[in-house]
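# Dropping a prediction and its sequence here:
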Amino acid sequence: QAWRQRRNGMTRRSDAVIGVLFLAAIVCYGSGSSMADSALADIDSVLPEHLAVGALLMLLNSLIVIMIGAMVFPVIRDHGGERAGLLYFGTRCVEGILLAVGIVANMSHTALAPDDDAGGENAHALRSLLHGLLLKISFFTYQVAMLSLGVGSVLLFLSALGSGLLPRWLSLWGVIGYSCLTVGAGLEIYGIPAGLAMSGPGGLFELTLAIWLIARGFVHP
């Protein structure tokens, strides 16, 4: 009986940590991307300090999302969803790596900062071209990362829906929210600016899931 209580206590703490990681990811990427966007608002006056802090926060987010995948895997495996857990972990790794590539592209803007207008108009045109290329790399890596997150998460919460890992309404919300995220990212890649609106249900779900895991945790067998 004492062993079972200790095991339940450890499981409960692990669930809470996963919830905290979800919250940390939201804060790190949200604040980091906001700082990076403001630093890159003008290609002729890139703010390297703001960009560096923003990039650091977003890199921390990349590490966090991989940690989430690693911690969720044994939970879903114990509920009979090993394949879904492995796929979720894999897609979160892909997400973290692609986001990191986009961050490196953002940091590369600092190397293109003008030096007293050296080179004249030709140099400025070249800088503008390279800035545009780096922005495209950052854009597409982000969208593909969201596709990866969306697909893996839809399958994860479909598995949770069948196993009772979470309340039915919460699992269903996860399926719908991440489906919207996936569709939104796909539309963005094809030039339709729907990603922000389509990410709303998934973003609210992640916040709700984080609070749920901290307060209640998963339903364990």
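Nice, thanks for sending it over.
# For stretch 180-192, give the mean pLDDT please.
Taken as a whole, stretch 180-192 carries a mean pLDDT of 95.
# which SS state does M58 fall under?
Put simply, M58 is helix when judged by DSSP: H, G, I helix; E, B strand; the rest coil.
# so how many other residues sit close to it?
Here the neighbour count serves as a burial measure; for M58 (other CB atoms under 10 Å) it reads 23. Placement of C-beta: from N, CA and C, glycine included.
# ok, now which ones touch it?
M58 makes contact with C28, Y29, G32, S33, A36, L99, I103 under the criterion CB atoms under 8 Å, 6 or more residues apart in numbering.
# which of the residues you listed has the weakest pLDDT?
For the contacts of M58, the model is least confident at A36; its pLDDT is 83.
# Show the contacting residues for it.
With contact taken as CB under 8 Å, 6+ apart, A36 is in contact with H50, L51, G54, A55, M58, I103, N106.
# Tell me the spacing between A210 and L134.
Note on A210: its distance to L134, by CB to CB, to the nearest Å, is 32 Å.
# For the closest residue to G81 other than its chain neighbours, what is the enclosing helix or strand?
Setting aside the residues directly before and after it, G81 is nearest to S159 in space (CB to CB, 6 or more residues apart in numbering), at 3.7 Å. If you go by DSSP states H and E, S159 is part of helix 120-163.
# between the stretch of helix or strand R13 belongs to and helix 120-163, how many degrees?
Taking DSSP H and E as the definition, one finds R13 inside helix 2-39. Using axes from the mean of the first three to the mean of the last three CA atoms, to 10 degrees, the inter-axis angle of helix 2-39 relative to helix 120-163 is 160 degrees.
# what comes up buried for helix 2-39?
Applying a neighbour-count criterion of 16 or more other CB atoms under 10 Å, one finds 11, 14-16, 18-19, 21-26, 28-29, 32-33, 35-36, 39 buried in helix 2-39.
# what's the answer for stretch 56-65, then?
By neighbour count with 16+ other CB under 10 Å, stretch 56-65 contains the buried residues L57, M58, L59, N61, S62, I64, V65.
# Out of the contacts of A36, list just those in helices.
Using DSSP state H, H50, L51, G54, A55, M58, I103, N106 are the members of those that sit in helices.
# Quick check, the last one in contact with F139.
In other words, N106. No. Proximity of N106 to F139 does not meet the contact threshold set by CB atoms under 8 Å, at 10.5 Å.
# Compare the two and say which is more crowded by neighbours.
Set N106 next to F139 and count neighbours by other CB under 10 Å: N106 wins out with 24 against 15.
# need the contact list for A105.
With contacts defined as CB under 8 Å, 6+ apart, A105 is in contact with L134, L135, I137, S138, T141.
# So the third one versus S62, what's the distance?
What that stands for is I137. Counting by CB to CB, the gap from I137 to S62 is 16 Å.
# And for S31?
Counting by CB to CB, the gap from S31 to S62 is 14 Å.
# Buried residues of stretch 185-202, list them for me.
Residues of stretch 185-202 classed as buried: A185, G186, L187, E188, G195, M198, S199, P201, G202 (neighbour count, 16+ other CB under 10 Å).
# remind me which residues of the chain are low pLDDT?
Counting by pLDDT under 70, the low-confidence segments of the chain come to 1-10, 41-46, 109-121, 123-124, 221.
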